[in-house]
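Visitor: Build me a model:
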Amino acid sequence: MLKEHFSVNSLGHLVIGNLDAVELAERFGTPLYVVDEQRIRERYRRYLRAFSSRWPEVRIHYALKANSNMAVVKILQSEGAGADVSSEIELRIALNVGILGEKIVFNGNYKTHRELELAILNDVLINVDSFQELETIDKIARRLGKRARIGFRINPDIRADTHPYIAVGLRESKFGFDVPSGQALAAYERAKEMPSVEVLGIHANVGSQILDASPFVEEAEKIMGIVSEVKEKFDIDIKFVDFGGGIGIPYKPGDKELPPEEVAEKMVNVVKRVVHEEGLEKPMLLLEPGRFIVGDSCVLLARVGYIKERPGMPDWVAVDAGMNALMRPALYGAYHHIELANKMNQRNELLVNVAGPLCESGDFLGKDRRLPKVEQGDLAVVFDVGAYGLAMACQHTAQPRPAMVLVNGEKAEIVRRRETYDDLTRLDRIPGWLK
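Guide: Numbers count the residues shown, from 1 in each chain. Next up, the predicted model:
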C-alpha cells in the first residue's frame, strides 16, 4: 500500500522524506501529524501541468479548507498558487502568506458583511451564491467606493459517486444558483445593471473525492453552456471559468487513481469546442484542488497504549489519537490505511480494531484491520490524512489537538505546536457570582 514517496529503512521503520518515523515520534511526541513538503510540491506541479499544457491560461487556487496550516499554504504560495477560501480566517491566512487578493476566490453560501468587506477591499473574486448576497455585495461595494469582482456559483445538478455529505453539485444541495429554473441566467442579468459589481466569472463544484472523470466532463458541458448563453443574451464575456476541485486520491489498497491528465484532457476538449463553435473569448480556467495536492502528503503517528483481547472478535488496539485528531472515519465512515511504523516488514496477520481514547463508541480510526502482533509502545501510522485531517480536528473530551511537523529531506520543524491546557481554557471565563 506504500505510495512512492514513502520507504522502509533497514530497521523496518517507515521513512517520511528522509526521516525515520519512529525517531520523529520520539523527538516530537504523539499524536503527531507529519507532512512531506516535497510531496506537496510534486502534486501541485502535476496538477498545474495537466491543465496548463492543454490550455493557455490556467490558475490553480489551492482549497484551504483541506488544510489551512500556514506553512502548507506558504509552500503553495511559493509555487505560484492562488487560494480558494471560505471564511475570514482562511482569507487572512492566504493574504498573510503573500497570496495577492486578485489570486483568491471566495466561496460559500453564507459570507458575512465583515468577510465581504475584507474581500472587496482586497480585490478578491467573490463567487456569489444567492440573490440576497448579490444585493449585499453591491451595497457594501458602493459604500466602500469600490467595484466588487464577482462570479456566480451555479448548481450543475450532477450526481457523482461520493459520500452524500461531500456531493455538493446536486440540485437539492445548498450551493449555487439553480440552472433549470432560470435563476442562474437571471443572476447575470441583474448584476449587469449594478454599477458597483464587475461580472467576471462562473463557478461550479461537483463534489469531493471523485475517482471518475465523467462528472467533470458533464460539469464542463453545463458550465460552458451557461457561458455561451450569458454572452448571447447579455453580451457578457466570462473571463474566469472556475471548475472547482474534486479529484480524489486512492485511500484503500486496490483503489485506482484518477489521473488529473485524463480529467484535464476531457474538460479542456469541451472548453475548446464550445469556444470555437460559439466564437467566445478564451477564458482563464481556474481549478480549486485541495485533497489531490495535500491528501497523501501527510500521516498521523499514534502511540499504542493498550491491547484488549475479545475472544472470537478482533482485538481492540487503543492509541493516543482518536476522532478528535482524525474525524473522517467517524463522520463519513472513511477508510484510512493503517500500519505499524516500527514493524513495516512484519506480516499483517492479526485482525484488530484501532480505537482512540475518547468516550464514544464511534471513536475509532479503523475496524477489521490486519496488523502484525501489536504490543504496547508500538507506533501506529495512519496514511493519507493531509486533507480534512487536522483541518477537522476537535477538542472533544478536552483532548488537545495534535502537533504538526513539516519535513523536507532530512529537515523537520514544528509548524503547529501541540495544544495545552492553557490553549483549551484561555477563552473560558467564570462569572463573578460563581467565584
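
Visitor: got a pLDDT number for the residue nearest to Pro250 when sequence neighbours are not counted?
Guide: Excluding the flanking residues, the one nearest Pro250 by C-beta to C-beta, 6 or more residues apart in numbering is Glu257, at 5.4 Å. C-beta coordinates here come from the backbone N, C-alpha and C atoms, glycine included. Note for Glu257: predicted pLDDT of 94.

Visitor: What residues does Glu257 make contact with?
Guide: Leu211, Ile249, Pro250 (C-beta atoms under 8 Å, 6 or more residues apart in numbering).

Visitor: now it: how far from Glu4?
Guide: 11 Å (C-beta to C-beta, to the nearest Å).

Visitor: rewinding a little: top of the contacts of Glu257 by number of neighbours, please.
Guide: Ile249 (20 neighbours; other C-beta atoms under 10 Å).

Visitor: For the closest residue to it other than its chain neighbours, what are phi and psi?
Guide: Nearest non-adjacent residue to Ile249, counting by C-beta to C-beta, 6+ apart: Gly295, 4.5 Å away. For Gly295, the backbone dihedrals (degrees, to the nearest 10) come out as phi -60, psi -50.

Visitor: Just confirm Gly295 contacts Ala66, I think it does.
Guide: Yes. At 7.3 Å, Gly295 counts as touching Ala66 under the criterion of C-beta atoms under 8 Å.

Visitor: which residues do the two both contact?
Guide: Gly386, Ala387.

Visitor: mind checking how far the longest helix anywhere in the chain is from the chain centre?
Guide: Counting by DSSP state H, the longest helix found in the chain is helix 214-234. In this view, helix 214-234 has its centroid 25 Å away from the chain centroid, taken as C-alpha atoms, centre = their mean, to the nearest Å.

Visitor: Select the longest strand from the chain.
Guide: strand 298-308 (DSSP state E).

Visitor: Could you pull out the buried residues of that one?
Guide: Cys298, Val299, Leu300, Leu301, Ala302, Arg303, Val304, Ile307 (16 or more other C-beta atoms under 10 Å).

Visitor: which secondary structure elements does the next helix or strand after that strand contact?
Guide: Sequence-wise, the next helix or strand downstream of strand 298-308 (DSSP states H and E) is strand 315-319. Helices and strands touching strand 315-319, by 3 or more C-beta pairs under 8 Å, 6 or more residues apart in numbering; DSSP states H and E, are strand 298-308, strand 350-355.

Visitor: what are the C-alpha coordinates of the shortest one, in PDB please?
Guide: Extracted in PDB, the C-alpha atoms of strand 350-355 (Å, rounded to 0.1, in the frame of the first residue of the first chain):
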ATOM      1  CA  LEU A 350      -3.700 -10.100  13.400                       C
ATOM      2  CA  LEU A 351      -7.300  -8.800  13.000                       C
ATOM      3  CA  VAL A 352      -7.800  -5.700  15.100                       C
ATOM      4  CA  ASN A 353      -9.900  -2.600  15.600                       C
ATOM      5  CA  VAL A 354      -7.900   0.600  16.100                       C
ATOM      6  CA  ALA A 355      -9.600   3.000  18.600                       C
END
